[in-house]
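S.K.: below is the sequence, then the predicted model.
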Amino acid sequence: MPDLRERIEKRLQDEICTQYPWDEPGGKVPLECRPLMSRLDEIIEVISGIRDYSIEPYMDRIRQVVCANCMQDKHGYCANRAQNKCALDAHFSKIVAILEEEFRKDRDVL
């Protein structure tokens, strides 16, 4: 059975990144998915450390930890987010749901 990170990465590629055009078959991850996939370890760490029924605490922490080290400027503005070119932002609720589901599966195995 693949480990937690591998399962999450596969699901995100299948359920989120396939919605964007790929540079070429078997090529690089779509531009919109690069922040999501290149910072996946940070995203997993942030999401795993929060338990809340509201999406806001997750988003606030992602913006502090992940977005601050990506394209976001010191004022919190991100051109990719503003132009809907960031899959992490555009599909955030679904991404959190995928991660939480995989975390549960991992806990159930233990």
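M.R.: Yes, it's here.

S.K.: all strands of the chain, in order?
M.R.: Read by DSSP state E, the chain holds no strands at all.

S.K.: select the longest helix from it.
M.R.: Longest helix of the chain, by residue count under DSSP state H: helix 92-109.

S.K.: what mean pLDDT does that one get?
M.R.: The average pLDDT within helix 92-109 is 92.

S.K.: what helices and strands are in contact with it?
M.R.: Helices and strands touching helix 92-109, by 3 or more Cβ pairs under 8 Å, 6 or more residues apart in numbering; DSSP states H and E, are helix 4-15, helix 40-48, helix 56-65. C-beta here means a position set from N, CA and C on the backbone, and glycine is covered the same way.

S.K.: so can I have CSV of those helices showing distance to Leu99, mean neighbour count and mean pLDDT?
M.R.: Listed next are these as CSV, based on distance: least, Cβ to Cβ, whole Å; neighbours: other Cβ atoms under 10 Å; pLDDT from 0 to 100:
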stretch, distance to Leu99, mean neighbour count, mean pLDDT
helix 4-15, 6, 16, 96
helix 40-48, 5, 16, 97
helix 56-65, 9, 15, 96
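
S.K.: next, the angle from the longest helix of the chain to helix 4-15.
M.R.: Inter-element angle recorded for helix 92-109 and helix 4-15: 140 degrees (by axes from the mean of the first three to the mean of the last three Cα atoms, to 10 degrees).

S.K.: of all the helices and strands packed on helix 92-109, which one comes closest to Glu102?
M.R.: Each of the helices and strands packed on helix 92-109 has some distance to Glu102 by Cβ to Cβ; the shortest is helix 4-15, at 5.1 Å.

S.K.: who does the closest one touch, helix- and strand-wise?
M.R.: Using 3+ Cβ pairs under 8 Å, 6+ apart, helix 4-15 sits against helix 34-38, helix 40-48, helix 92-109.
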